[in-house]
Every structure is written in C-alpha cells, then in structure tokens.
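Colleague: all I have is the shape, not the residue letters:
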C-alpha cells in the first residue's frame, strides 16, 4: 500500500458514495488506475465493507453506555460462551477483550435509561460467567469518528 492507496482510502472513509471519477481527481490519478486500485484494496480486504453511518439521535439511540465486564474466572470455556452470547445481542455495538482491571469493554446503544435497564437485567446479566458489570454513560461526545488516520 502506497501513498496514493492511502489517499484513496481517506477519500472513501470521508465519503464512500463518491464515484471513481471524483476520487481520481482528488488523488491525482485517472479513472482507470483509481478503479483498479480500489478493486485491489477490496480484493485484499483492506476495504472490508461499505456502510451508512446513522445519526443515532434521529433513530432513537440516544443513550450510549460503556460496560466493563469481568468474568468469574479466567477460563476458556467461560470466555468462549461470553463471546458467543455477546454476538447475539444487537444493542452491543462493540465488544473488546482488554487487559487491566476487567476482561471486556462493551459499547451499548439503546433508546434511553429504561431501555438500558431492560438490556442489563434481561440480556447481559443473564450470561453465564459474568462476575461484575460496571457502567459509564456518555454525557457528551467530544470526538466521534470512524475514520482511521492513514
């Protein structure tokens, strides 16, 4: 991956609906080589998907919570079960296994505090092997980006 590939990726992260001609003009190539580079990036799975980023407030997902989850034991069976169960819960937007004072960091998006209460009590806390869940609520987002710095 060279500098032009990085410029193409930055353009796609900014607006994936741009056509190849627009991208080519911004990165200093003609259309055909730009198209070929994009296809190569897709085939190499550098570009894994194209998505629409939604305004969470406009779709009713007004509450973002981060949950720090600790399992009862550091045991593969428990970890595998936890991972399997988390994949079934659509309100969990991200799940990261981390080092430190807890085992997993979850990003949850729900409508409101009542929705979060229901999610915790009826979905997350019933997963076998969870010892503790500590939650922080987002009060304000200073920076909220999906783009990688290339």
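Modeller: Received, thanks. This one's a predicted model, so the numbers in the text were calculated from it and none came from an experiment. Numbers count the residues shown, from 1 in each chain.
Colleague: spatially central residue in the protein, please.
Modeller: Centroid-nearest residue in the chain: residue 94, 5.2 Å away (criterion: C-alpha atoms, centre = their mean).
Colleague: residue 107 is in contact with that one, correct?
Modeller: Yes - assessed by C-beta atoms under 8 Å, residue 94 is found in contact with residue 107 at 4.0 Å. For the C-beta atoms, the positions are set from N, CA and C on the backbone; glycine is no exception.
Colleague: give me the contact list for stretch 25-45.
Modeller: Stretch 25-45 is contacted from outside by 1, 4-5, 7-9, 11-12, 20-21, 23-24, 47, using C-beta atoms under 8 Å, 6 or more residues apart in numbering.
Colleague: in helices, which of these fall?
Modeller: 4, 5, 7, 8, 9, 11, 12, 20, 21, 23, 24 (DSSP state H).
Colleague: and the furthest pair within the contacts of stretch 25-45?
Modeller: 1 and 21 (22.1 Å; C-beta to C-beta).
Colleague: domain-wise, how is the chain divided?
Modeller: 3-43, 63-137 (automatic domain parsing).
Colleague: for the ones you listed, which one sits closest to residue 144?
Modeller: domain 63-137 (9.2 Å).
Colleague: any chance of the ones in helices among the contacts of stretch 25-45 in CSV, with pLDDT too?
Modeller: Shown next, in CSV, are those (pLDDT from 0 to 100):
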residue, pLDDT
4, 97
5, 97
7, 97
8, 98
9, 98
11, 97
12, 97
20, 97
21, 97
23, 98
24, 98
